[in-house]
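K.L.:
Can you look at this prediction? I've put the sequence above it.
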Amino acid sequence: MKEQCKKLSIIYATETGNASDAAEHIARHAERRSCPLNLLSIHQYDPSLLSFEEAVIFVVSTTGQGDTPDSMKIFWKFLLQRNLTTSWLKGVHYAVFGLGDSSYPKYNFVAKKLDKRLMDLGGTPIVERGLGDDQHPSGYEGSLDPWMSSLWRMLYMIKPEFFPNGPDVLILDTVLIDQPKVQIIYHNIDSVESHFSTASDLTRLEIQVGSARSLHPGKSSPDRSRPDCFLKMVKNLPLTRSNHGKDVRHFEFEFVSDAIEYDVGDVLDILPGQDVAAVDAFIRRCNLDPDSFITVKPRELDDCSALGSRVPVKLRTFVELTMDVASASPRRSLRSLAECLGHGTSIFLLQYVMSFFATAEHERERLNYFASPEGRDDLYQYNQKERRTVLEVLEDFPSVEMPFQWLVQLVPPLKTRAFSISSSQSSHHNQVHLTVNVVSWTTPYKRKKKGLCSSWLAALDPEDANFVPAWFHKGSLPKPPPSLPLILVGPGTGCAPFRGFVEERALQSETTSTAPIMFFFGCQNVDGDFLYQDLWLSHAQNNGVLSEAKGGGFYVAFSRDQTQKVYVQHKMKEQSQRIWNLLAEGAAVYIAGSSTKMPTDVTSAFEEIVSKENEVSSDVAVRWIRALERSGKYHIEAWS
């Protein structure tokens, strides 16, 4: 067993792909130092082997409010077994790097608790844990690159055999430029068509989506490649006034494949469609054959045991379903080559790679300048500030001709987008509803940009045939029993999950006694963006589930309808005593919305209310709210 572990193991736990990107970044730097390694997702790793490792690096993300990624749950459950002793990991050297967002209260919570648990089990840290912050101007790379410098130095002192030439002797760029991470295999068209000859349109689409996404090297988990179901949009309704400045939509979908059971508070992941013209432009720009059939095979660096048998897909289908060519900035995900070439941050990744394939001298000079320390500020302005896409960057450098295998591993993977479900399945049996802000903005150079998924959904016509690939999973807001009093705070589209909560509680109240709900909603104007106004007001009257007569209440903060701005926390303080009365009766708190200042401001308001109404110090009030959280009665679902 020990013979199998005489490699550096790099294990990642990812939810959206960032942790796998970071792990790949570390692996490339290790490979460039001739370090033998294993790189794999934590769901593929047997935790019982951990005690046999000589050195292992964990790269883990924190999701929601301090939650472990789904792929890590089995591994974490194993680590918490009581029969594991404090010497179980004696002799095992480990390092932990976490990916988190400091705007969330439980910043990098998963990395912190993993580090502590490994140490409690007798593991020896190679270096102090690293904490990547999404709020840093350079993202998590701002912490990852200096952390890696310490990692290689300390690991060499512990395991010099991992670095036969020392930690600073690097394989030449010109050697690794011929070693892309993936291989593209082309297939005979006739043999491939037989896979689809008898399949229905929906089955064909399911096979295509599952096969294409399982082939892409940026996938997070093979078992999530095939959609849980397909949905058809049946309603696309604006919720905001047309000249308000925001475009918030109410979408209703019906199941066109088998219906999936979901609870209020659950989350729906959607794979967005890409603009047909943009996909065609990318294929033309890269001189690709859109009708060829391909599979993608990892080279030796990756664990191929889970690859199995994959159905070949059309190259155009592969690009359309897996490669984000006209939405994502190359900054974050285009990392593989520059990392193996020893260039620390992915800010200049694509440009550096392109410099190897540019034939025009002036383009090569500009790309090399962007990839140099002197050019980083200009590249930051060009790339990140302007949010240039891969297609835009390639079009700016027309002499660059990159092999498709490099494009596959460098173009950001097309990721699903997560939305809080805004319906109760008890009220809408064969449907699921979403409340979505259609994202758009203007760059510093006045270029109009828009969010891929929200704008794609907004453009769908319910009268047309449309199949939307979708996945369901639990969010941060557990379904409450009807007997539990609720205090809900959901400004803006944060009201989305609470629409489902209110619908379900109203249905339950028809047959049983239900506890009251206080709901605090916030928007800018009563006439502009009072989302679901009629719904809330109908339940706040005539002894409805939001009525004060039933012990609850509905309160709205219109931030722009008066000189002084009013937010949900101000309305909460106005209802201080009623909030405390519900808390004293055992109410649960649910908060949803923007992750900027809102969750912190709302939590501070709760602490002030507890301090005032319970006549205790602010420190005691803070501990009171923390105890409420530990008891499972204080939940936050926030998004950026």
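P.N.:
That came through, no problem.

K.L.:
Could I get the buried residue list for the helix or strand in which residue 118 is found?
P.N.:
Under the criterion of DSSP states H and E, residue 118 resides in helix 109-120. Residues of helix 109-120 classed as buried by neighbour count (16 or more other CB atoms under 10 Å): 109-115, 117-119. All C-beta spots, glycine's among them, are computed from the backbone N, C-alpha and C.

K.L.:
Dump those into TSV; add distance to residue 91 and pLDDT as well.
P.N.:
Shown next, in TSV, are the buried residues of helix 109-120 (distance: CB to CB, whole Å; pLDDT from 0 to 100):
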residue	distance to residue 91	pLDDT
109	28	93
110	25	95
111	22	96
112	23	96
113	22	96
114	19	97
115	18	96
117	17	96
118	13	97
119	14	96
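
K.L.:
Identify the residue nearest residue 101 in space, chain neighbours excluded?
P.N.:
Closest residue in space to residue 101, ignoring its immediate chain neighbours: residue 134 at 4.1 Å, by CB to CB, 6 or more residues apart in numbering.

K.L.:
Could you do residue 22 as well?
P.N.:
residue 59 is the one closest to residue 22 (CB to CB, 6+ apart), at 5.0 Å.

K.L.:
from the chain's centre, how far out does stretch 76-84 sit?
P.N.:
Centroid displacement of stretch 76-84 relative to its chain, using CA atoms, centre = their mean, to the nearest Å, is 27 Å.

K.L.:
Can you give me the buried ones in it?
P.N.:
So, applying 16+ other CB under 10 Å, buried residues of stretch 76-84: 76, 79, 84.

K.L.:
still on that earlier bit, can you confirm the residue nearest to residue 22 is in a strand?
P.N.:
Yes. According to DSSP: H, G, I helix; E, B strand; the rest coil, residue 59 belongs to a strand.

K.L.:
For it, give the beta-bridge partners.
P.N.:
On the basis of DSSP bridges, residue 59 is bridged to residue 12, residue 97.

K.L.:
Scan the chain for its longest strand.
P.N.:
Looking across the chain with DSSP state E, the single longest strand is strand 229-238.

K.L.:
tell me the mean pLDDT for that strand?
P.N.:
Average pLDDT, strand 229-238: 96.

K.L.:
List the contacts of that strand.
P.N.:
With CB atoms under 8 Å, 6 or more residues apart in numbering as the test, strand 229-238 has contacts from 202, 205-206, 247-260, 431-432, 457-458, 460-462, 465-470, 472.

K.L.:
and the residues you listed, which of them are in strands?
P.N.:
248-255, 431-432, 468-470, 472.

K.L.:
can you pull out the helices in the stretch 501-640 of the chain?
P.N.:
533-540, 568-574, 576-584, 598-613, 618-630 (DSSP state H, counting those that start in this stretch).

K.L.:
Which one of the ones you listed lies nearest to residue 325?
P.N.:
The closest of the helices of the stretch 501-640 of the chain to residue 325 is helix 598-613. By CB to CB, the value is 33.7 Å.

K.L.:
That closest one to helix 618-630, inter-axis angle?
P.N.:
120 degrees (axes from the mean of the first three to the mean of the last three CA atoms, to 10 degrees).

K.L.:
Brilliant, that's me finished.
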